[in-house]
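sequence first, then the predicted structure, then my questions.
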Amino acid sequence: MPLHPVLTPCPLPRSLTVPAMSSSASKKVLIVEDEPDILQLVKLYVEKEGFRTVSAATGIEGLRQVKQEKPDLVILDLMLPEIDGIEVCKRLRSTPETALLPIIMLTAKAEESDTVVGLELGADDYVTKPFSPKTLVARIKALFRRLERTPDDKQANYRYGDLVMDLARHEVSYKKIEVPLTAKEFGLLEHLLRNPGRVLTRDVLLNTVWGYDYYGTTRTVDVHIRRLKQKLPSLNEAIISVKSLGYKLKERES
């Protein structure tokens, strides 16, 4: 079995029983992790925030739990027995029922290429081991906030040619045909549509769309932009890469 780097746990509070927040109590998180110590640590911190948890120790078991438990989010270790996290992510994204299920990957690998593969397959975010459980919980909350955010009264939808984003319904359509987007893809497109013509740096996009102060590779943005263009080919020429800075959405002529 592959070895993980040692995870140094943060000191746990004397009591882990806290009142569950109503917004968290209805959310179920599946933790797929084969290291018992890491699994228990993540489970404690996630439950402390009021989320319900289920767990699995192998890739096959993780897929089975997704089908049986129907979680709202999956924390998925990259290195797992039987089938690895990459394959699990691939199968979840290729199944209509789980194509948009939020996924946060845990990776012990130092190579950026492994992380990029996971993002290419549709993972919404990733955390590199060793990690702070509080950081992982913050990213879970940020992802749920993105999914649950209600639009302001000033703007209910955006239109860019034949592309329409309906914030209230959390839907994107092109020529009246709905295009399924993950939470991060939706948030990224929304921010581009909100700021046509403006150069948005990768750091700004990470902090705005991912919902936390991000320290790490900005390759995450590049991968999500590429996925967005694959799903919406009409944006291939519209989203412009600005060398060494970030991206901007070309303004449409009136």
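Arrived safely, thanks for sending. Note that the structure is predicted; figures quoted are calculated from it, not measured.

ok, which stretches of the stretch 1-150 of the chain are helices?
Applying DSSP state H, counting those that start in this stretch to the stretch 1-150 of the chain gives helices spanning 22-25, 36-48, 59-69, 85-94, 112-121, 133-148.

let's test this: mean pLDDT of stretch 48-55, rounded?
The average pLDDT within stretch 48-55 is 95.

ends of that stretch, what's the gap?
For stretch 48-55, the first-to-last residue distance is 16 Å (CA to CA, to the nearest Å).

strands of the stretch 101-250 of the chain, residue ranges please.
103-107, 125-128, 157-160, 163-166, 171-174, 177-178, 200-201, 239-242, 246-249 (DSSP state E, counting those that start in this stretch).

give the buried residues for the third one.
For strand 157-160, a neighbour-count test (16 or more other CB atoms under 10 Å) marks 158, 160 as buried. Any C-beta I mention is one placed from the backbone N, CA and C, and that applies to glycine too.

in its sheet, what does that strand sit against?
Sheet pairing here is set by DSSP bridges, and for strand 157-160 it gives strand 163-166 (antiparallel).

picking that back up, got CSV for the helices of the stretch 1-150 of the chain, with distance to Leu192 too?
Formatted as CSV, the helices of the stretch 1-150 of the chain follow (distance: least, CB to CB, whole Å):
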stretch, distance to Leu192
helix 22-25, 28
helix 36-48, 31
helix 59-69, 31
helix 85-94, 22
helix 112-121, 18
helix 133-148, 15
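
pick the most buried one from the strands of the stretch 101-250 of the chain.
Mean neighbours per residue, mean count of other CB atoms under 10 Å, is largest over the strands of the stretch 101-250 of the chain for strand 103-107, with a mean of 24.

tell me the strands beside it, with direction?
Paired with strand 103-107 in the same sheet, following DSSP bridges, are strand 73-77 (parallel), strand 125-128 (parallel).

of those strands, give the one that comes closest to Arg91.
Smallest distance to Arg91 across the strands paired with strand 103-107 (CB to CB): 11.2 Å, for strand 73-77.

from the chain's centroid, how far away is the closest one?
In terms of CA atoms, centre = their mean, to the nearest Å, the centre of strand 73-77 is set 10 Å apart from its chain centre.

and if you look at stretch 114-133?
Distance, centroid of stretch 114-133 to centroid of chain: 9 Å (CA atoms, centre = their mean).

and for stretch 178-189?
11 Å.

for that stretch, buried residues please.
Buried, per 16+ other CB under 10 Å, within stretch 178-189: 179, 181-189.

just the CA coordinates of that stretch, formatted as CSV?
Extracted C-alpha coordinates of stretch 178-189, given in CSV (Å, rounded to 0.1, in the frame of the first residue of the first chain):
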residue,chain,number,x,y,z
GLU,A,178,-28.6,23.5,-20.7
VAL,A,179,-24.9,22.9,-20.2
PRO,A,180,-24.0,21.2,-16.9
LEU,A,181,-21.2,22.9,-15.0
THR,A,182,-19.6,22.0,-11.7
ALA,A,183,-19.7,24.6,-8.9
LYS,A,184,-16.3,26.0,-9.6
GLU,A,185,-16.9,26.1,-13.4
PHE,A,186,-20.1,28.0,-12.7
GLY,A,187,-18.4,30.4,-10.3
LEU,A,188,-15.5,31.0,-12.7
LEU,A,189,-17.9,31.8,-15.6
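
distance of Leu205 from Lys184?
Here the criterion is CB to CB, to the nearest Å. By it, Leu205 lies 10 Å from Lys184.

next: Arg93.
For Arg93, the distance to Lys184 - CB to CB - is 13 Å.

could you break this structure into its assigned domains?
As assigned by automatic domain parsing, the chain contains the domains 26-148, 157-249.

so which of the ones you listed is the most packed in?
Among these, domain 26-148 has the highest mean neighbour count (mean count of other CB under 10 Å), at a mean of 19.
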